[in-house]
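Undergrad: Requesting a structural model of the entry that follows:
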Amino acid sequence: MSESRWRVPLSEIVVDDELVEAVLETIRSGWWSMGPQVADFEREFAAFCGAPHAVAVANGSAALHLALIAVGCGPGDEVIVPSLNFVAAANSIVHTGAEPVFCDIVGPEDLNLDPGDVEAAVTPRTKAILVMHYGGVPCEIDAVADIAERHRLVVVEDAAHAPGASFGGRMCGTLGRVGCFSFFSNKNLPVGEGGMTLTGDDEVAKQLRLLRSHGMTTLTWDRHRGHASSYDVVLPGFNYRLDEVRAVLGLVQLRRLPEENEARGRILARYREALDGTRGLTMPFGAIGEGRISSNHLAVVVLPAGVDRTEVRSALDADRIQTSVHYPPIHTFTQYRLAGERRPLPQTESVADRLLTLPLFGRMSADQVDAVIEAVLNAI
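TA: Prediction:
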């Protein structure tokens, strides 16, 4: 493998003997499609989160898509979702036939959705609220749940950033009707591609399992073991299955998740100490409140007004420090900008050009953290 051009990459995957041996053992088993490793991963992830049901899927986008279908979203419906989000959230809504309605964030100190603006976005067509826990910090889910109850709406969680995060002692992913996770390579629990849905609703869990595998009543693994000889198709489902290799990676990474989250938290604290309030910089979520425990997924700073983010990123790039932006607001993309009238999102737009994501991964060295801090301050 050639040496990375980055002195400090945005994220990093550690490949060690335990991961390699787990994968090799699975490959040597001769069964690579969804089977016993997937079932074990589902069982252990459900236990970790305290959820009655876990259904593994191919990726986080598949998790969102199936969750929205399983709770009944479809043509004519509206789903409220924060625009400061990855585009998969809106795309998944559109793929059900429903329409995304974008809501605002609280502000530069809290990049999660604003419950007050969620309420303002409710119409007679609203079916669900798709919340996101930005950067792994739980949103004000109780306020959202109250809105949902009063308007008879469904809450679906986008917990892609939040494995291991909790709100009031309850794990993210168990706070709505369905919780959705991503295990993409830059996540706290990386397997390359992969996702998971959690639910406490038996009927929703049944729907999720059918939908992820063509609507078939039995699986190939069941037939391989002689537990079934045929199948029926009862829904027009999808091929959103997770494979065995990614599942076994997930099992190893799940055991490492608490340590990874804690390590990220220590690095975030160092960033905050050095950058928050310095030279006009802001680090969101400085005071997330008692009862909200973050997974510490992202290290995001809000640049001072008037600072050119492109120039800052170029300066860090020249110093071989990788950065990103989480996220260009969805409503600014051509697909959604041209989709019709939209609601005003003043807080989202006020930070859109000022967000900068810094490197963050559990095994960052002190020298790497200090290099990032020095480079940011020099670029402002």
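
Undergrad: wait, what's in contact with the most centrally placed residue in the chain?
TA: Geometric centre of the chain, nearest residue: residue 160, 1.5 Å, by CA atoms, centre = their mean. Contacts for residue 160 were tallied using CB atoms under 8 Å, 6 or more residues apart in numbering; they are 60, 86, 132, 180-182, 184, 187. The C-beta positions use only the backbone N, C-alpha and C, and glycine is treated the same way.

Undergrad: In terms of helices and strands, where is the closest residue to residue 274 other than its chain neighbours?
TA: Sequence neighbours aside, residue 373 is the residue nearest to residue 274 in space, at 4.6 Å (criterion: CB to CB, 6 or more residues apart in numbering). Using DSSP states H and E, residue 373 sits in helix 366-379.

Undergrad: check contacts around the residue nearest to residue 274.
TA: If a contact means CB under 8 Å, 6+ apart, then residue 373 has 270-271, 274-275 as its contacts.

Undergrad: need those in JSON lines with secondary structure and distance to residue 22, can you?
TA: Below are the contacts of residue 373 laid out as JSON lines (DSSP: H, G, I helix; E, B strand; the rest coil; distance: CB to CB, whole Å):
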{"residue": "270", "secondary structure": "helix", "distance to residue 22": "32"}
{"residue": "271", "secondary structure": "helix", "distance to residue 22": "32"}
{"residue": "274", "secondary structure": "helix", "distance to residue 22": "38"}
{"residue": "275", "secondary structure": "helix", "distance to residue 22": "38"}
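
Undergrad: outside of stretch 112-120, which residues touch it?
TA: Where contact means CB under 8 Å, 6+ apart, the residues beyond stretch 112-120 that reach it are 80, 82, 103-107, 129, 131-134, 137-140, 143-144, 147, 343, 347.

Undergrad: So what are the sheet partners of the longest strand along the chain and their directions?
TA: Longest strand of the chain, by residue count under DSSP state E: strand 126-132. Applying DSSP bridges to the sheet, strand 126-132 is found paired with strand 78-82 (parallel), strand 154-158 (parallel).

Undergrad: Tell me which helix or strand comes right after it.
TA: Past strand 126-132, the next helix or strand by DSSP H and E is helix 141-151.

Undergrad: Checking the residue in the chain sticking out farthest from the centre next. Helix, strand or coil?
TA: No residue in the chain sits farther from the centre than residue 229, which is 37.7 Å out by CA atoms, centre = their mean. Local secondary structure at residue 229 is given as coil here, using DSSP: H, G, I helix; E, B strand; the rest coil.

Undergrad: Look up the pLDDT of it for me, please.
TA: Residue 229 is assigned 70 on the pLDDT scale.

Undergrad: distance of it from residue 150?
TA: Separation of residue 229 from residue 150 (CB to CB, to the nearest Å): 50 Å.

Undergrad: Please pull out the lowest mean pLDDT helix or strand from this protein.
TA: Sorting the helices and strands of the chain by mean pLDDT, DSSP states H and E puts helix 220-224 at the bottom, at a mean of 63.

Undergrad: If I take the helix or strand residue 197 falls within and strand 154-158, what angle do their directions form?
TA: For residue 197, the host element (DSSP H and E) is strand 195-199. Angle between the axes of strand 195-199 and strand 154-158 is 150 degrees (criterion: axes from the mean of the first three to the mean of the last three CA atoms, to 10 degrees).
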